[in-house]
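Visitor: Using only what follows, build the 3D model:
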Amino acid sequence: MQRKTIPSILIFFSLLVSCSPKYVKHISEYKFESKTGAPDYSKLDYWAASPYKKSLSDSLPEPLRPGFMKDSSVDVFFLHPTTFVDKHETRWNADINNDSLNAKTDYSTILYQASAFNECRIFAPRYRQAHIRAYFTKDTAEALAAFDLAYQDLKTAFQYYLEHYNNGRPIIIASHSQGSTHAQRLLKEFFDGKSLKNKLVAAYIIGMYIPENEFNDLSPCTDSLQTKCFVGWRSFKYDYEPTFVKAEKIKCRTINPLTWTAGITYAPRALNLGAVVTNFDRIAPHAADAQIHGNVLWLHRPRFPGSWFYKARNYHVGDINLFYMNIRENVHARIAAYKKGCS
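Guide: Okay, here's the model as predicted:
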């Protein structure tokens, strides 16, 4: 299996969840009782986030709470990254009824990533995600089967969403890491060259390699206001280019989230509106700079409380968090541009 982006979970992930309540306090509200092993999307328990129930995606950092207003006219379909990382696990796909894993997902990616999009209605399906080793194994057949099963769940969820919840609303596709592996496939199947593209505000497919020839007529966004397009990036420490990136034969579509362009001009920290990292209630201003280098986004060492613990050169786990406020602002701007274009 070709090695793509390494979802570095270790210290940074521990920092993300260290301030969160114990998993059981949240998960005890749900009943995961799938007898077939497949998620049943007619039941809200199989949605990590939905506007029809309270979820951690509804959370707001304390400085954003005064005057917050939700736009219920636009939907976000969020595909979460890999949280199935136990090195002792032998299964290729997660058990959809796994209370602890579902809670881990909620208190990490749903809280710290999906919430960046919560100006809109968020739908985030639980799915039988592939184990992290599927990205690194030499057993290609098993890995591809694991990814295919995960995607089939997400496809089913998206079809259910379209049939029961969308009601003609504009759509934002948002994803990270393994979620972006599946988001690219979802976009090709439902949006690329299809009429549904007209409902696409934008796709934020973050943290994965996006070959320049991935789509037929779905193009990367060229500025902060373009719609019916996609953005994506992978974050690494300045001057670091991992071996698997050097081995990539095709140019990757990369957008700088501080400028929302593909230009290689350096974007200073002053353009960073704020990160949400170790303490969800605090916004860390000017946390990271950014510059596109080849197929990746280079950052000097981020600045936020506790960042001196983080020694890795792969900033993948912070792809969304480090640009949290810029993403929020851009989602708002693209929605306004989309609505203006439809008026």
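Visitor: Can you give me the distance of P257 to Y324?
Guide: Relative to Y324, P257 is positioned 10 Å away (C-beta to C-beta, to the nearest Å). Heads up, the C-betas are built off the backbone N, CA and C, glycines and all.
Visitor: repeat for N166
Guide: 26 Å.
Visitor: For these two, work out which one has more neighbours and name it.
Guide: Counted by other C-beta atoms under 10 Å, N166 and Y324 do not tie: Y324 has more neighbours, with 25 against 17.
Visitor: doesn't that one fall inside a helix?
Guide: Yes. Counting by DSSP: H, G, I helix; E, B strand; the rest coil, Y324 is part of a helix.
Visitor: I283 is in contact with L322, isn't it?
Guide: No. With contact defined as C-beta atoms under 8 Å, I283 does not count as touching L322 (11.7 Å).
Visitor: Would you mind telling me which of the two has the busier surroundings?
Guide: L322 (29 against 19).
Visitor: quick one: contacts for that one?
Guide: L322 makes contact with 235, 272, 275, 277, 287-288, 299, 302, 315, according to C-beta atoms under 8 Å, 6 or more residues apart in numbering.
Visitor: Can you give me the pLDDT of it?
Guide: Listed pLDDT for L322 reads 97.
Visitor: all numbers from here: first residue = 193
Guide: Sounds good: first residue 193 from here, last item L514.
Visitor: distance of it from R493?
Guide: For L514, the distance to R493 - C-beta to C-beta - is 11 Å.
Visitor: Quick check: the gap between S427 and K296.
Guide: In terms of C-beta to C-beta, S427 sits 22 Å off from K296.
Visitor: Looking at the two, which is more packed in?
Guide: S427 (25 against 20).
Visitor: how about that one, phi and psi?
Guide: phi -100, psi 130 (degrees, to the nearest 10).
Visitor: from memory A342 sits against G371, does it?
Guide: No. The pair A342 / G371 is not scored as a contact, 9.5 Å apart, by C-beta under 8 Å.
Visitor: Could you list every helix and strand that the longest helix seen in the chain packs against?
Guide: Using DSSP state H, we find that the single longest helix of the chain is helix 332-353. If you count contacts as 3 or more C-beta pairs under 8 Å, 6 or more residues apart in numbering; DSSP states H and E, helix 332-353 packs onto strand 267-271, strand 313-317, helix 370-382.
Visitor: Find the residues that touch each one of I475 and L514.
Guide: With C-beta under 8 Å, 6+ apart as the test, I475 and L514 both reach A467.
Visitor: picking that back up, ranking the contacts of L514 by neighbours, who comes first?
Guide: A480 leads those on contacts (other C-beta under 10 Å) with 27 neighbours.
Visitor: And for the closest residue to F382 other than its chain neighbours, the neighbour number?
Guide: In space, and not counting its chain neighbours, F382 is closest to L388: 5.4 Å by C-beta to C-beta, 6 or more residues apart in numbering. For L388, the count of nearby residues is 15 (other C-beta under 10 Å).
Visitor: Show me which positions of stretch 324-339 end up buried.
Guide: Within stretch 324-339, the residues scored as buried using 16 or more other C-beta atoms under 10 Å are 324-327, 329, 334-335, 338-339.
Visitor: Among those residues, list the two that are farthest apart in space.
Guide: I324 and E334 (13.5 Å; C-beta to C-beta).
Visitor: A helix includes R325, no?
Guide: Yes. According to three-state DSSP, R325 belongs to a helix.
Visitor: For it, list the residues it contacts.
Guide: A335.
Visitor: Could you measure from the nearest residue to Y352 once chain neighbours are set aside over to L410?
Guide: Nearest non-adjacent residue to Y352, counting by C-beta to C-beta, 6+ apart: Y233, 4.2 Å away. Distance from Y233 to L410, counting by C-beta to C-beta: 25 Å.
Visitor: Who has more neighbours out of these two?
Guide: Applying other C-beta under 10 Å to Y233 and L410 shows that Y233 carries more neighbours, namely 24 against 19.
Visitor: how about the more buried one, secondary structure?
Guide: Applying three-state DSSP: Y233 is coil.
Visitor: phi, psi of W239?
Guide: According to degrees, to the nearest 10, W239 has phi -120, psi 120.
Visitor: pLDDT weak spots in this protein?
Guide: Across the chain, the ranges flagged by pLDDT under 70 are 193-222, 226, 535.
Visitor: So which residues of it form helices?
Guide: Counting by DSSP H, the helices of the chain are 202-210, 215-219, 291-297, 303-304, 332-353, 370-382, 435-438, 516-534.
Visitor: Turn those helices into a markdown table, columns for distance to F260.
Guide: Formatted as a markdown table, these follow (distance: least, C-beta to C-beta, whole Å):
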| stretch | distance to F260 |
| --- | --- |
| helix 202-210 | 22 |
| helix 215-219 | 22 |
| helix 291-297 | 24 |
| helix 303-304 | 16 |
| helix 332-353 | 24 |
| helix 370-382 | 25 |
| helix 435-438 | 38 |
| helix 516-534 | 11 |
